[in-house]
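[1] Here is a sequence with its predicted model. Questions after.
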Amino acid sequence: MWMQSIIRAIYPSQCVACDAPTEDDFGLCGACWRETYFIGATICTKCGTPLPGDQVADDMMCDDCMTIARPWDKGRSVVAYTGIGRKLVLSLKHGDRTDLAQPVGRWMARAAAPLVRKDTLIVPVPLHRVRLIRRRYNQSAILAHVLGHVLGRDICVDGLLRRRNTAPLQGHSREARFAALADAIHCNPAQRFRIEGRHVMLVDDVMTSGATLAACAEACMSAGARSVDVLTLARAVKDA
């Protein structure tokens with residue numbers, strides 16, 4: 001106990017978003033909490049986007065998921081991609097803040113808990129090797145490692161391969177995103193045996209149109225996965 005007190009005195013708890021003092025580790029200060037839109041229980045069960053009202057059901061879907069065929073079963077997200085939620089995603093992805101994976105990965109584990117099964121295999125969304133060299137790490141793979149540890153489930157970091165280096169999709173229409181990712185992601189032949197017959201949980205940092213996750217889910221199903229769910233830290237929300 002005394003050693004923990006010394007460590008706490010030297011390294012006090014800080015907000016994961018702004019470094020302001022906090023009472024607990026891996027938390028947000030009051031100001032950042034107010035700017036973080038945590039997604040509650042009333043959600044689209046397909047993609048995890050928040051829905052109006054306070055009704056909770058297993059078959060609720062947003063307008064997009066009622067018009068777009070999603071090749072996965074269920075989806076969950078932790079925060080809306082706005083305010084502090086957006087800051088956390090961008091810091092993790094482009095700001096070398098890999099330390100954020102520990103706190104946000106634990107948030108994601110809580111959101112994912114209802115979807116986890118005994119045979120769940122956690123698979124991150126892949127980066128093309130060119131982008132991986134430039135960024136030096138795959139933030140989705142780092143999140144997958146945290147989830148595997150917290151949830152006690154297997155991880156297959158290289159289960160999927162991105163064969164084409166698709167251009168960044170920010171600002172593109174939904175149709176353009178899906179077209180750009182057509183046939184871009186495939187199962188790694190060396191890891192196919194691990195995916196076949198398993199329940200796969202795909203992990204990514206943010207979901208916008210769902211095109212990337214759809215390409216990954218289709219690759220997993222083609223490799224013989226029994227089912228696929230998706231989990232992201234953030235969800236782009238209309239009018240957010």
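    Perfect, I can see it now.
[2] which SSE is Trp33 in?
    helix 30-34 (DSSP states H and E).
[3] Now the following helix or strand past that helix: buried residues?
    The element immediately downstream of helix 30-34 (helix or strand, assigned by DSSP H and E) is helix 63-67. When neighbours are counted by 16 or more other Cβ atoms under 10 Å, the buried residues of helix 63-67 are found to be Asp64, Cys65. C-betas here are computed from N, CA, C, even on glycine.
[4] Need the mean per-residue confidence for helix 63-67.
    Per-residue pLDDT values across helix 63-67 average out to 92.
[5] who touches the helix or strand following that helix?
    Along the chain past helix 63-67, the next helix or strand (assigned with DSSP H and E) turns out to be strand 75-80. Residues outside strand 75-80 that contact it (Cβ atoms under 8 Å, 6 or more residues apart in numbering) are 36-39, 43-50, 85, 88, 104, 107-108, 111-112, 114-115, 207, 213, 229-237, 240.
[6] How about stretch 159-169?
    121, 123-128, 130-131, 176-177, 180-181, 183-188, 191, 194-195, 200, 208-209, 211-212, 216, 219-220.
[7] Among these, which lie within helices?
    When those are checked against helices (DSSP state H), the matches are Val130, Arg131, Ala176, Arg177, Ala180, Arg194, Ile195, Ala211, Thr212, Cys216, Ala219, Cys220.
[8] of all those residues, which two lie farthest apart?
    Every pair in the ones in helices among the contacts of stretch 159-169 was compared (Cβ to Cβ); the two farthest apart turn out to be Ala176 and Arg194, at 32.6 Å.
[9] Now which of the contacts of stretch 159-169 would you call buried?
    Applying the neighbour count, that is 16+ other Cβ under 10 Å, the buried entries in the contacts of stretch 159-169 are 121, 123-128, 177, 180-181, 184-188, 191, 194-195, 200, 208-209, 211-212, 216, 219-220.
[10] Look up which residues are beta-bridged to Met201.
    In this entry, Met201 is beta-bridged to Ile122, Asp229, by DSSP bridges.
[11] tally of neighbours for it?
    If you count neighbours by other Cβ atoms under 10 Å, Met201 ends up with 29.
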